[in-house]
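>>> Please find the sequence and the predicted model below.
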Amino acid sequence: MRRDGRIGLFVIYVAALGAALSPAHAGDDPQYAYGWPIQARAGASAYLVELPQEAYRWAQPDAGLADVVVVDAKGREVAMGRYEPAAPTSHPMTLDAVLLPVPSGSDGVAGPSIRRSTNGDILIEPGAAPATGHVHEWLFDARTAIAAERLEFPATQGDVKLSVDIDASSNLQDWQPRVAAASIVTLGHGDGAVDARVVKLDGPAARYYRVRTTSDDAPWTEGAKVTLSGSVVDAAARDEAKRQWLDIANASADTSGGGVNYDYTLPAALPVSAIRVALGQGDSVARLEVISVTGTVSGDNLGTIVVTPGQDDQRPLIVQAQRRDHLRLHSATSLRSAPKLSVGWRPDRFVFLPEGTPPYRLQVGSASARRAAWPVDDAIAALRTRNGAAWRPDPATLGEAQALAGDKALATATHFDWTRPLLWIVLLLGAALVAGMAATLLRKPPPPAS
């Protein structure tokens with residue numbers, strides 16, 4: 001083989017080897033669908049950013065928001081992760097509340113109706129039958145959610161010996177027991193008197209409380225007040241995203257199971273945590289089953305909403321926060337028009353540390369890229385220890401959305417890359433040619449002796 005041919009084969013071999021062993025170029029890096037420039041005050045130790053509604057259009061539901069990253073000016077990821085709210089702060093509170101008697105009904109006849117007004121006041125409407133005159137149940141409104149620790153009943157003129165049960169509620173519908181068979185005793189006057197009118201309580205915070213007795217000689221007169229002591233959470237210091245409400249238009253309606261299904265499609269898979277329904281024109285009462293549709297025929301029943309005449313407070317149905325993009329209202333009776341549906345959701349929040357070179361950018365949506373497992377929780381815990389319980393990450397705002405790879409970043413189909421196999425073929429071909437050249441040299445007879 002000629003010398004220049006051997007040199008050419010050697011060059012091809014070295015080039016193929018270098019290309020085969022070289023790392024992928026920058027164009028092979030995973031891409032994201034959309035991005036938002038982050039506007040943040042310089043000098044903070046950590047920043048907090050909320051996902052905008054449009055981000056849920058691109059974030060893949062099966063990724064669990066792991067396809068949400070923050071990059072610096074050079075495109076490198078910075079340490080970031082889901083934000084865990086700080087523990088709520090609270091302060092002690094003592095208040096007086098009026099005991100509201102609940103009339104006793106008759107057997108077999110509808111009893112009194114208890115509901116909330118628009119501002120949350122307790123409304124008690126007598127039932128169809130006249131009251132018996134004896135009251136065994138009282139309600140009182142704390143006006144705010146309070147974690148009760150102590151309840152003092154009003155003083156009385158005569159001797160009293162009662163056994164009471166105390167329950168608590170946040171909506172006047174679901175009651176949770178706090179104390180069972182607590183004793184209220186008032187005997188005598190002067191130095192030897194017994195005055196046991198205080199009951200110890202515990203449990204989660206609640207606004208409404210119910211007192212029930214088993215005897216007919218409860219001594220409390222109209223307008224009597226109890227004194228409730230406990231702790232309340234500082235609303236101004238509550239570390240949570242503000243709930244946002246979104247009206248959803250009815251997409252379709254069809255008969256099903258002897259009733260009607262009303263379907264609603266959300267603009268994106270939002271983390272819905274509350275649902276509110278109002279009836280259309282001409283309808284005044286309805287019982288609606290709320291279903292989160294997860295497939296063509298399957299779904300999760302989230303609860304029941306009953307809309308009645310005069311219900312103007314629009315109490316929402318609270319559900320577990322979960323990304324949902326299709327909701328269905330099922331009515332056993334046909335309505336004149338589709339109900340009006342509103343969903344409440346709180347944006348997911350992320351915290352990131354000021355690494356690298358600003359400005360920073362939020363990137364969302366990728367079929368393959370996932371956020372690194374940064375120990376951000378440990379970093380935030382250390383910052384809270386150093387700066388105090390009232391410390392919060394500095395809030396950051398987002399600029400105009402910018403299209404990056406768009407729908408291409410969400411494509412799950414992958415095209416086979418022939419570059420590397422071709423390089424290996426060239427490498428093997430070069431090795432075979434070199435081996436052939438060596439065999440040719442070995443078979444060549446030695447030169448004659450001089």
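Yep, it's here.
>>> how near is Arg76 to Val232?
45 Å (CB to CB, to the nearest Å). In this view, the C-beta of every residue, glycine as well, is placed from N, C-alpha and C.
>>> between these two, who's got more neighbours?
A count of neighbours by other CB atoms under 10 Å puts Val232 above the other of Arg76 and Val232, at 17 against 10.
>>> Spit out the contact partners of the more buried one.
Taking CB atoms under 8 Å, 6 or more residues apart in numbering as the criterion, Val232 is in contact with Ser90, His91, Met93, Thr144, Ala145, Ile146, Ala147, Ala205.
>>> ok, so of those, who is nearest Ala253?
Lowest distance from Ala253 to the contacts of Val232 (CB to CB) belongs to Ala145, with 38.2 Å.
>>> neighbours of the closest one, just the number please.
16.
>>> For the stretch 151-300 of the chain, which segments are assigned as strands?
160-169, 175-187, 194-196, 198-200, 206-213, 225-233, 244-248, 250-256, 259-278, 286-293, 299-307 (DSSP state E, counting those that start in this stretch).
>>> Of those, give the one that comes closest to Leu353.
Across the strands of the stretch 151-300 of the chain (criterion: CB to CB), the nearest stretch is strand 259-278, sitting at 24.3 Å.
>>> Remind me what the closest one packs against, helices and strands.
Contacts defined by 3 or more CB pairs under 8 Å, 6 or more residues apart in numbering; DSSP states H and E place strand 259-278 against helix 55-58, strand 244-248, strand 250-256, strand 286-293, strand 299-307, strand 317-331, strand 340-345.
>>> Tell me which of those sits nearest to Leu427.
If we rank those by CB to CB, the stretch that ends up nearest is helix 55-58, at 40.3 Å.
>>> Report all helices and strands that the following helix or strand past the closest one contacts.
Downstream of helix 55-58, the first helix or strand assigned by DSSP states H and E is strand 68-71. On a contact count with 3+ CB pairs under 8 Å, 6+ apart, strand 68-71 meets strand 349-352, strand 360-364.
>>> Mean neighbour count for the ones you listed - can I get that in JSON lines?
Shown next, in JSON lines, are the helices and strands packed on strand 68-71 (neighbours: other CB atoms under 10 Å):
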{"stretch": "strand 349-352", "mean neighbour count": "23"}
{"stretch": "strand 360-364", "mean neighbour count": "24"}
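>>> want to throw the ones you listed into TSV with mean pLDDT?
Supplementary listing: the helices and strands packed on strand 68-71 in TSV, determined by pLDDT from 0 to 100:
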stretch	mean pLDDT
strand 349-352	97
strand 360-364	96
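>>> Leu404 is nearest to which of these?
Closest approach to Leu404 among the helices and strands packed on strand 68-71 (CB to CB): strand 360-364, 6.7 Å.
>>> Low-confidence ranges, the stretch 1-150 of the chain, go.
1-30, 105-111, 118, 127-133 (pLDDT under 70).
>>> typed the wrong thing, it's the stretch 201-350 of the chain
216-217, 235-237, 257, 296-298, 310-314.
>>> now with 80?
Scanning the stretch 201-350 of the chain for pLDDT under 80 picks out the ranges 214-219, 234-238, 256-258, 295-298, 308-315.
>>> just checking, what packs against the lengthiest helix in the chain?
Using DSSP state H, we find that the single longest helix of the chain is helix 419-443. Judged by 3+ CB pairs under 8 Å, 6+ apart, helix 419-443 is in contact with helix 3-21.
>>> just to revisit the earlier point, closest to Pro393 out of the helices and strands packed on strand 68-71?
strand 349-352 (5.0 Å).
>>> Mind listing the strands that closest one pairs with, and their directions?
Using DSSP bridges, the strands paired with strand 349-352 are strand 47-50 (antiparallel), strand 80-82 (antiparallel).
>>> Tabulate the strands of the stretch 151-300 of the chain (JSON lines), appending distance to Glu54.
Output for the strands of the stretch 151-300 of the chain, formatted as JSON lines (distance: least, CB to CB, whole Å):
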{"stretch": "strand 160-169", "distance to Glu54": "38"}
{"stretch": "strand 175-187", "distance to Glu54": "40"}
{"stretch": "strand 194-196", "distance to Glu54": "61"}
{"stretch": "strand 198-200", "distance to Glu54": "51"}
{"stretch": "strand 206-213", "distance to Glu54": "36"}
{"stretch": "strand 225-233", "distance to Glu54": "32"}
{"stretch": "strand 244-248", "distance to Glu54": "13"}
{"stretch": "strand 250-256", "distance to Glu54": "20"}
{"stretch": "strand 259-278", "distance to Glu54": "7"}
{"stretch": "strand 286-293", "distance to Glu54": "22"}
{"stretch": "strand 299-307", "distance to Glu54": "25"}
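>>> Of these, which is nearest Leu99?
strand 225-233 (6.0 Å).
>>> Show me what the closest one pairs with in its sheet, parallel or antiparallel.
For strand 225-233, pairing defined by DSSP bridges yields strand 90-98 (antiparallel), strand 137-152 (antiparallel).
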